[in-house]
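In: Sequence plus predicted model, see below.
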Amino acid sequence: MTFRFAFFGPRDRLQHLAASEPMRAGMDRAIQRRPWWKRIFLPLLFAALAAGAGLWLLATPRGSVYRVPVNQLTIAAVKPGPFEDFIAVRGSVAPLITSYLTTEQGGTVKQVLVEDGAMVHKGQPLILLSNPALQLQVAAQQLAFEQTRFKYEHDLLDIDHEISRIKNNLERDKRLLDGQAIAPSVYHQEENDYAYNIKLRAALVASRDVEQKVRTTQLLGGNGESGGAIASAGVDALTIRAPMDGQLGALDAEVGQAKPQGAVLGQVNSADRFKLTAQVDEFYLGRVNAGQQTLYDFGGTSHEARVAKVYPQVSNGTFKADFYFNGTAPANIHVGQAMDLKIELGGASNVLMLPNGPFYQDSGGNWVFVVAPDGYSAIKRTVRLGRRNPQFVEVVDGLSANEKVIVSGYEAFQKMDRVEFEKPSTGS
């Protein structure tokens, strides 16, 4: 067993002490704590900043803001008062009855006998058409009709001749039978022949009458004419006549024009009977009904009319309504003349009202911009508005009396939450 001994000399001892001295010095050093005010300074600073930001957010209105000079806005106050439930529309005078000129048979315009706007009488020829193919067809039908009629006449002549012959034979053979010059069977056979021909003639006459009636209906429209009148039926179908007394209008026929069957060539309007017609906003479709009172001004005097008919079809945001005059129409009115109509939808009632304006179209009556008490801004507010007339809108909920509202258009700031008013700029 071998033992090794390590001997440290003076130099080795000094190096060992130098290496271990820093470790002992670090382990023996005391750690000093920071003052208390330094420990809480940063948390207090952050808390103060957060509180300031919160107060700023509370003091500043949320949402987007639009700034506009106040003189570019129209502001009105909510006021109580009597609300008249009516709508104002622009109407026009129209004929009470309109009858259209249509072609029963197509053809080419041969002659126009009257001018557009002329007064016409029922049955008066207005337009002549030409249709050679139709005329040939009518001629062929006439020929067939005449041939059939001739055949029936020929057959009737044969039967009448046979009946006359048998009747003479019966008169002669009756005497022979009484004198027992012929057998009774011969006489009975002649009686049977006579009865048969009588029945045959009746059947032939009935068949002729039915066929003539059918042909007359096909050719003449059932007016009872026959024979020689068939030729003129086709010509008459090509003559356009006035269906009633009145004024000819919207004439659409020039010589040489080809017109198909059923084409409209014009119209005849009642000359002394009129009505009013107007296009009404579709918003009122459910509130305008037949019989409602309507007022209109003519010649500086107010007159009365009533809703006669409502057409429910909506086109371009409006529907059509007709109005009848109460009593006779005013003198000197003419078709196409414009009239201002006031349709009464209900009686007057005391409500909160807001002056009507472009704002309603932009908000749909669901919200408005209400002016703040300081008068320097307006805030968007949800409201409920009811009936409208040209002057006012009924306030149902969301606004109080004397509150002020922007009633001009909202198009520029429709999506904003707040409108701030700027002072009007003054020129230099």
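Out: In hand now; what should we look at?
In: Might you list the low-confidence residue ranges for the protein?
Out: Along the chain, segments meeting pLDDT under 70 span 1-39, 41-42, 52-63, 215-235, 425-428.
In: which parts of the top strand by length along the chain are buried?
Out: Identified as the longest strand of the chain according to DSSP state E is strand 301-315. Residues 303, 305-308, 310 are the ones in strand 301-315 that count as buried (16 or more other Cβ atoms under 10 Å). (C-beta placed from N, C-alpha, C; glycine too.)
In: Can you name every helix or strand that the very next helix or strand once past that strand contacts?
Out: On the C-terminal side of strand 301-315, the closest following helix or strand by DSSP states H and E is strand 318-325. Judged by 3 or more Cβ pairs under 8 Å, 6 or more residues apart in numbering; DSSP states H and E, the packing partners of strand 318-325 are strand 274-281, strand 301-315.
In: Now render the buried residues of strand 301-315 as CSV, adding distance to Val393.
Out: As requested, the buried residues of strand 301-315 are arranged in CSV below (distance: Cβ to Cβ, whole Å):
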residue, distance to Val393
His303, 28
Ala305, 26
Arg306, 26
Val307, 23
Ala308, 29
Val310, 24
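In: rewinding a little: closest to Asp245 out of the helices and strands packed on strand 318-325?
Out: Nearest to Asp245 among these is strand 274-281 (14.8 Å), distances taken as Cβ to Cβ.
In: Direction included, what does that closest one pair against?
Out: Neighbouring strands of strand 274-281 in its sheet, by DSSP bridges, are strand 86-95 (antiparallel), strand 318-325 (antiparallel).
In: Can you name the residues in contact with the longest strand of the chain?
Out: With contact meaning Cβ atoms under 8 Å, 6 or more residues apart in numbering, strand 301-315 is reached by 275-276, 282, 285, 288-297, 319-326, 330, 341, 343.
In: Wait, a strand at Leu128?
Out: Yes: with DSSP: H, G, I helix; E, B strand; the rest coil as the criterion, Leu128 is part of a strand.
In: how deep is it tucked in, by neighbour count?
Out: 18 (other Cβ atoms under 10 Å).
In: if we look at the sheet, which residues does Leu248 bridge to?
Out: Taking DSSP bridges, one obtains Val268 as the residues bridged to Leu248.
In: What segments of this protein are helices?
Out: Remark: helices assigned in the chain by DSSP state H are 10-27, 36-59, 132-178, 184-220, 230-237, 359-363.
In: So which other helices or strands are in contact with the longest one?
Out: Under the contact definition 3+ Cβ pairs under 8 Å, 6+ apart, helix 132-178 sits against helix 184-220, helix 230-237.
In: What is the nearest of the buried residues of strand 301-315 to Leu134?
Out: Ala308 (41.1 Å).
In: Tell me which of the helices and strands packed on helix 132-178 sits most buried.
Out: helix 230-237 (a mean of 17; mean count of other Cβ atoms under 10 Å).
In: So which of the helices and strands packed on strand 318-325 is nearest Val368?
Out: Nearest to Val368, of the helices and strands packed on strand 318-325 and by Cβ to Cβ, is strand 274-281 at 20.5 Å.
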